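Chemist: Kindly generate the corresponding structure for this input.
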Amino acid sequence: MSLMQRTLSVSLACLVLVPAVTARTAAAQEVRQQIQVVGPGADGAPIQMLPPGRQAKTGTGRLRGRVLAGDTGSVVRRAQVRISGPDIGSKTALTDGQGRYEFSDLPAGRFNLSASKSGFVTMQYGQTRPFESGKPIDMTDGQVMEKADFALPRGSVLAGRVVDEFGEAVADADVTAMRMQYTNGRRRLAPSGRNASTNDLGQFRIYGLPPGEYYVSATLRNMNSMIFDMMGAGGGAGPTGSNQNSGYAATYFPGTPNPAEAQRVTLAVAQELGSVDIQLQPVKLAKVSGTAMGSDGKPMSGAMVMLMPTMKDAMQFMPGGTSRTNKDGQFTLNSVTPGEYTLQVQSLGAMFQAAGAAMSFAFSTNDSSTPSTPPQEREFATASVNVSGEDITGLVVVGTRGGKATGSVAFEGGTKPEGTNTMRVTAMPTDDSPGPVMMLGNSNVKDDGAFEVEGLMGNRVFRVQNLPKGWILKRVSINGEDVTDKGIEFKAGSDVNGVDIELTNKTTSITGTVTDERGQLKDYTVVVFPEDEAKWGLAQNRWTASARPDQDGHFKFANLPPGAYYALAVEYVAQGEWSDPEWLARAAKKATRFTLDEGGAKTLDLKMTGGS
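Modeler: You can find the predicted model right below:
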C-alpha cells in the first residue's frame, strides 16, 4: 500500500470520530424531528439532511430578504444564507450586490434560516441575543414572505500568542475558544465558534465570535499528528529520540493544564481582545505500553490503539495518544500527557467497517431489499488508564466482540406504512466514554421489522432513525419492562434478545402564544419539561425542549411523549442552558402545569415571566 493510500485510509477512519461524538448529543433532537441531524452548523442550528430515499419537496412559496451590517446598516455582499427543514434538507443562497437573497419553489412547512459572512457573527433568523435560538418561519404553499432580513453584528476577536516555558513562539498550536455549558447530562467546557492555529510568531486570531464569556485552550496535538502516529507506529519498536519524557499538556489561558483553574475572558460586541497570551505548561510525559489479545487467545495484530480523554471537565475530541499493535499484539503510546483516559483497541478492519457503516447511514438508501455483505466479527478491547507522568508498562487488554441486541420494530395497530425500508435502529450510549468511539451501534430494519445491533458496551438507549412520516417512537421494552429512557446495560460478550420497539402514529403537538401583563405579544423562548424531576437529568433526553415564536408570534412543539409537564415563557435563555437540571428546578417554581395526552393537541396561552 502506498503512502498516499495509507494516509487516505487512516483519514477515512478518523473522519468517523466527529459524527460519532456529535451524534450522541443530537439524539434527543433526532427523535423529535423526522430528519437526520449530522451536527451543528456554525450558527448553532442543526444541519438537516433528508432521510435516505426521501426526495425534497417543492412548492410555490417564495422567501426574500436582505443581509445588512448591524452597526452601519450597509449591505453585506456574498453572505451565505441557509434554509433548512425536514422536507427540504438544507439549501443555500448568496446575497447579491445589494445584499438581497431569495429562495423559491418552497413547499408548505416550517423552516430555519441563518446567515453568515466572514468577519460577522453568524445569526439565525429572529435571533436578537448571543447564543439564543432563532425563530422558525412557518409558511403555507404559495405564500410569499418578504423582508426576512438579517442585521449581522460585527464579530468579536480573541487574539494573542502561544509561547513555551522559555517565552519562545510556538507555531502550529491549535487554539480553541470554549464556553461553560450543560452538555449531555454534565456541565463542562465545550468548544464554541471557530478555532485557530498559531503562525511562525506564535500568533493566533479567532474571529467571528459572538459577545460573551469564553475560556481559551491551546494544544500542540492535532489531527495531522494523530494520523502520522498511526502510520508510523509499530508496537513501539525502532529508534527513539531525546527529550521524549518532556512535553506540553493542553493549556488553558493564562497558563494552566487544569480546566477548573482556567481564567474566563469577556468579549463585548465587535471587541478585539488581543492580550490572550498562553504559556504552554511543560509536563512529564509518560509511555503506555502493553499487549492486546483477542478473545481467542491470539494477538490482535495491526490493531488501532487510542487513548481517549474522559471529558469530565472539558470536551476533548482529540485522542491523547495513538498507535498500532505489532504482529505480537504489542503496542506503545509515547509522549502521553497526564490525565484520565480510556484505552481503546480495535482492528483496522473493524474501524473501516464502522466508518463505512457511518457513511452508509448518512448517505446511502439502505434499502433492505438489497443484499448486503455479512459483517465481520468485530472485536475491541478497552481499559481505564490514569496517567500521572510515570511510565505504565505491562498492560494486558483482552478483546471482546461486545454485546449484541436483537429485536423487532412494530407499528401500533399492526398497519405497516410506506417508507419503512430506510429505517435504522441506533443504540446510543448514555455517557461520553462507554467504549470505542466507533462502536455507536446501528442496524438496518428488515422487511419483517427485525434488527440486530452488535459491538455494544455500557448502557445504551435505543432509537429509530428515518421514521416514516407521521410516526414516532412510543416505547422500547424488554420482557415487558419499559427501557425507553433507562436503556439496557451491555457487558462484554453478552447478548440481549427480544428488544421490542413500538412506533405510533398518535403524534402530539403543543401550540400557543405568550403575552405580557398588558396583553401584548413579546419576543420570548418557551421551555417545556417534565414534571417528573427524575427525567430532567437524562443524558439522551426526549422530554425537554425549547421553542421560539414564528414570524406570527406563535410557538409550536411536536412529538413530545405524553405525560405531565411544565411550561415556562422567558425573555431569554441561552441555547441548551434550559436542559440544566439546576435551571429547571428554578423554572418549575414559576411554570404552568399541564398534561399532554397520547395523540393529543394542546393549546397554551402563557404569560411572560422573569428570568429563572
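Chemist: Just the element for the spatially closest residue to residue 383 that is not a sequence neighbour, please.
Modeler: Spatial nearest neighbour of residue 383, chain neighbours left out: residue 343 (4.5 Å); criterion: CB to CB, 6 or more residues apart in numbering. In short, each C-beta sits where N, CA and C put it, glycine included. For residue 343, the element it lies in under DSSP states H and E is strand 339-347.
Chemist: So which elements touch that strand?
Modeler: Applying 3 or more CB pairs under 8 Å, 6 or more residues apart in numbering; DSSP states H and E, one finds that strand 339-347 contacts strand 303-309, strand 380-387, strand 392-398.
Chemist: if you average pLDDT over it, what comes out?
Modeler: The average pLDDT for strand 339-347 rounds to 87.
Chemist: How far does that strand sit from its chain's centre?
Modeler: Here strand 339-347 is found 21 Å from its chain centre; the criterion is CA atoms, centre = their mean, to the nearest Å.
Chemist: Could you do stretch 58-68 as well?
Modeler: 29 Å.
Chemist: buried sites along that stretch?
Modeler: 59, 61, 62, 63, 65, 66, 67, 68 (16 or more other CB atoms under 10 Å).
Chemist: Count the residues that sit near the residue lying closest to the fifth one once chain neighbours are set aside.
Modeler: Translated: residue 65. Leaving aside its chain neighbours, residue 65 sits nearest to residue 148 (3.6 Å; criterion: CB to CB, 6+ apart). Residue 148 sits with 22 neighbouring residues when counted by other CB atoms under 10 Å.
Chemist: Likewise for residue 520?
Modeler: Count around residue 520 with other CB under 10 Å applied: 10.
Chemist: related to what we said a few turns ago, please render the buried residues of stretch 58-68 as JSON lines that adds distance to residue 562 and pLDDT to the earlier fields.
Modeler: Output for the buried residues of stretch 58-68, formatted as JSON lines (distance: CB to CB, whole Å; pLDDT from 0 to 100):
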{"residue": "59", "distance to residue 562": "32", "pLDDT": "94"}
{"residue": "61", "distance to residue 562": "33", "pLDDT": "96"}
{"residue": "62", "distance to residue 562": "38", "pLDDT": "97"}
{"residue": "63", "distance to residue 562": "34", "pLDDT": "97"}
{"residue": "65", "distance to residue 562": "38", "pLDDT": "97"}
{"residue": "66", "distance to residue 562": "43", "pLDDT": "98"}
{"residue": "67", "distance to residue 562": "42", "pLDDT": "98"}
{"residue": "68", "distance to residue 562": "44", "pLDDT": "97"}
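Chemist: returning to that earlier point: correct me, but the residue nearest to residue 65 touches residue 125?
Modeler: Yes - applying CB atoms under 8 Å as the test, residue 148 and residue 125 come out as touching, 6.1 Å apart.
Chemist: Quick check: neighbours shared by those two?
Modeler: Counting by CB atoms under 8 Å, 6 or more residues apart in numbering, the shared contacts of residue 148 and residue 125 are 113, 137.
Chemist: State the number of residues packed around the closest residue to residue 202 other than its chain neighbours.
Modeler: Counting by CB to CB, 6+ apart, residue 169 is the residue found nearest to residue 202 once chain neighbours are left out, at 3.1 Å. Neighbour count for residue 169, taken as other CB under 10 Å: 15.
Chemist: For residue 417, find the nearest of the helices and strands packed on strand 339-347.
Modeler: Across the helices and strands packed on strand 339-347, the minimum distance to residue 417, taken as CB to CB, is reached by strand 380-387, at 36.8 Å.
Chemist: So for that closest one, mean pLDDT?
Modeler: 88.
Chemist: and if you look at stretch 168-184?
Modeler: On average, stretch 168-184 scores 90.
Chemist: how far does it stretch from start to finish?
Modeler: By CA to CA, to the nearest Å, the extent of stretch 168-184 from end to end equals 39 Å.
Chemist: where along the stretch 1-150 of the chain do the strands fall?
Modeler: With DSSP state E, counting those that start in this stretch as the criterion, the stretch 1-150 of the chain has strands at 36-40, 46-49, 61-69, 80-85, 89-94, 100-106, 109-116, 123-124, 137-139, 144-145, 150-152.
Chemist: pretty sure residue 140 contacts residue 108?
Modeler: Yes - contact criterion CB under 8 Å: residue 140 and residue 108 qualify, at 5.1 Å.
Chemist: Would you mind listing the residues touching both of these two?
Modeler: By CB under 8 Å, 6+ apart, residue 140 and residue 108 have these common neighbours: residue 61.
Chemist: who's more crowded, those two?
Modeler: Taking other CB under 10 Å, residue 140 and residue 108 do not tie; residue 108 has more neighbours (15 against 11).
Chemist: so who does the closest residue to the more buried one other than its chain neighbours touch?
Modeler: Spatial nearest neighbour of residue 108, excluding adjacent residues (CB to CB, 6+ apart): residue 141 at 4.2 Å. Residues in contact with residue 141 (CB under 8 Å, 6+ apart) are 59, 60, 61, 107, 108.
Chemist: next one: phi and psi at the first one?
Modeler: Looking back up the chat, that one is residue 59. phi -160, psi -150 (degrees, to the nearest 10).
Chemist: dump the residue contacts of the residue lying closest to it once chain neighbours are set aside.
Modeler: Nearest non-adjacent residue to residue 59, counting by CB to CB, 6+ apart: residue 107, 3.5 Å away. The neighbours of residue 107, taking CB under 8 Å, 6+ apart as the test, are 57, 58, 59, 61, 87, 88, 141.
Chemist: Present those residues as TSV; the columns should include distance to residue 563.
Modeler: Formatted as TSV, the contacts of residue 107 follow (distance: CB to CB, whole Å):
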residue	distance to residue 563
57	32
58	37
59	35
61	35
87	28
88	31
141	34
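Chemist: Can you list the strands that the strand holding residue 343 pairs with?
Modeler: strand 303-309 (antiparallel), strand 380-387 (antiparallel) (DSSP bridges).
Chemist: Just the CA coordinates for the last one, please, in CSV.
Modeler: Listed in CSV are the C-alpha atoms of strand 380-387, where the atom choice follows Å, rounded to 0.1, in the frame of the first residue of the first chain:
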residue,chain,number,x,y,z
PHE,A,380,-12.3,-4.5,20.5
ALA,A,381,-10.6,-4.0,23.9
THR,A,382,-11.0,-1.2,26.5
ALA,A,383,-9.3,-0.3,29.8
SER,A,384,-9.3,2.7,32.1
VAL,A,385,-5.8,4.4,32.3
ASN,A,386,-4.8,7.1,34.7
VAL,A,387,-1.6,8.7,33.6
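Chemist: Please work out which residues outside it touch it.
Modeler: Under the contact criterion CB under 8 Å, 6+ apart, strand 380-387 has outside partners 286, 288, 292-293, 300, 307, 320, 336-347, 350, 392, 395, 397-400, 402, 435-436, 439, 455, 457.
Chemist: And residue 505, how far from residue 410?
Modeler: Relative to residue 410, residue 505 is positioned 12 Å away (CB to CB, to the nearest Å).
Chemist: so where's the stretch 101-250 of the chain uncertain?
Modeler: Filtered on pLDDT under 70, the stretch 101-250 of the chain yields the residue ranges 185, 222-244.
Chemist: how about the helices in this structure?
Modeler: Listed in chain order, the helices of the chain (DSSP state H) span 3-15, 17-32, 223-232, 348-363, 581-588.
Chemist: Distance from stretch 549-567 to the middle of the chain?
Modeler: Relative to its parent chain, stretch 549-567 has a centroid offset of 23 Å by CA atoms, centre = their mean.
Chemist: mind listing what's buried in that stretch?
Modeler: Neighbour counts over stretch 549-567 (16+ other CB under 10 Å) mark 549, 550, 555, 556, 557, 558, 559, 560, 561, 565, 566, 567 as buried.
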